[in-house]
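Q: Sharing a sequence plus its predicted fold:
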Amino acid sequence: MVARTGNNPCVQELAQRKPAIKRELKQAADAAEDFTNSRTLELLARAGFAASGILHFLVGAIAIRLAMGGTGNADFSGAVSELSSQPAGPFLLWGSFAACVALALWQASDAIFDYNRLPTKEKAGKKAKAAAQALVFAALALTLVSFATGTGSGGDNRQSASDLTANVIKAPGGVALLVLVGVGIAVTGVIYAVRGFRKSFEKNLAMPASPKARTAVTVLGVVGYVAKGIVLLLTGMLIAIATLRAHPEESTGLDGGLHALRDQPFGPYLLAAVGAGLICYGLFMMVRARLANMNK
């Protein structure tokens, strides 16, 4: 026998509360949007660009050190480890963490609240890009907080990357997933390089009025974007090839990609050039902290 719900007090109460619930949800969404549009979060988000720039600068410096026969882990864990070893290490780590969290929130708000009036295809692309950037800065924040709390390690990250690849390969659908991840990273690298050559990054900046300053910003952007594109391309190719060959030990992440570059003919010179390019990208990101167009 089917129970009648028309006179059920609980159902009636829920129906009566629906408008209030919708109103409360809208108020919460409006409050969240207002917060992500606040001047305070904007300033912290700009600092997030600077924090990212510092980390890229350090990765580039480590890459040059490797090219000259030195040691180090040329990835973000290695960069954060070096940052933590500075006299003001704890302050730098916590400050950079807060800045990266703010920038992740800013990008997430773009993905959720913005671009809704654009054509469907363009809207989807911009929202996806903002969501991806939010994940990148959230990952940087997690790396920073792990070192700030004493749980992070700047050790052999290549081995960690290989172990992670080996574990994912064993999972159902793991091979396809890793190949897609590798191809995705490699394609992102190509996009970065193209963006650099086309100078399309300039549209997101309030370029300085001085011709010399404009030229300096453009040069840093072109060199930096191309260098980062090369690094991402190498990293993605290593992941995809290692997965297809069922050799997870060859999937060694960013650090392994730069070490592999050093082992090629003229490798030290190529690695030094890429390291210099990453330093340029780091400087560009620091400049971006000041010049970024943050208008919603």
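A: Yep, it's here. Residues are numbered from 1 along each chain as shown.

Q: How much space separates the closest residue to Gly69 other than its chain neighbours from Gln107?
A: In space, Gly69 comes closest to Pro268 once its chain neighbours are excluded; the distance is 7.9 Å by C-beta to C-beta, 6 or more residues apart in numbering. No exception for glycine: its C-beta is placed from N, CA and C like everyone else's. Taken as C-beta to C-beta, to the nearest Å, the spacing of Pro268 relative to Gln107 amounts to 36 Å.

Q: Which of the two has more residues huddled nearby?
A: Ranked by neighbour count (other C-beta atoms under 10 Å), Pro268 and Gln107 place Gln107 first, with 23 against 16.

Q: Report the contact partners of the more buried one.
A: For Gln107, the contact set (C-beta atoms under 8 Å, 6 or more residues apart in numbering) comprises Ala130, Ala131, Gln133, Ala134, Phe137.

Q: hang on, the first one packs against Asp110?
A: So the one you mean is Ala130. Yes. With contact defined as C-beta atoms under 8 Å, Ala130 counts as touching Asp110 (3.8 Å).

Q: which regions of the stretch 51-200 of the chain sit below the pLDDT cut-off?
A: Scanning the stretch 51-200 of the chain with the threshold set as pLDDT under 70 gives 152-166, 169.

Q: rerun at 90
A: Along the stretch 51-200 of the chain, segments meeting pLDDT under 90 span 66-90, 107-133, 136, 139, 142-143, 146-183, 185.

Q: And the helices in this protein, which stretches?
A: Taking DSSP state H to define them, one finds helices in the chain at 9-36, 39-67, 76-84, 89-113, 120-148, 157-170, 174-198, 211-244, 253-262, 267-291.

Q: Out of these, which is closest to Leu205?
A: helix 267-291 (4.5 Å; C-beta to C-beta).

Q: distance of Ser96 from Ala273?
A: Separation of Ser96 from Ala273 (C-beta to C-beta) stands at 27 Å.

Q: Please identify which of these two sits among more neighbours.
A: Ranked by neighbour count (other C-beta under 10 Å), Ser96 and Ala273 place Ser96 first, with 26 against 18.

Q: what's near enough to touch the more buried one?
A: With contact set as C-beta under 8 Å, 6+ apart, Ser96 has these partners: Ala51, Ile54, Leu55, Leu83, Leu144.

Q: picking up where we left off before, in JSON lines, list the helices of the chain along with distance to Asn204.
A: Shown next, in JSON lines, are the helices of the chain (distance: least, C-beta to C-beta, whole Å):
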{"stretch": "helix 9-36", "distance to Asn204": "18"}
{"stretch": "helix 39-67", "distance to Asn204": "11"}
{"stretch": "helix 76-84", "distance to Asn204": "22"}
{"stretch": "helix 89-113", "distance to Asn204": "12"}
{"stretch": "helix 120-148", "distance to Asn204": "11"}
{"stretch": "helix 157-170", "distance to Asn204": "31"}
{"stretch": "helix 174-198", "distance to Asn204": "10"}
{"stretch": "helix 211-244", "distance to Asn204": "10"}
{"stretch": "helix 253-262", "distance to Asn204": "24"}
{"stretch": "helix 267-291", "distance to Asn204": "8"}
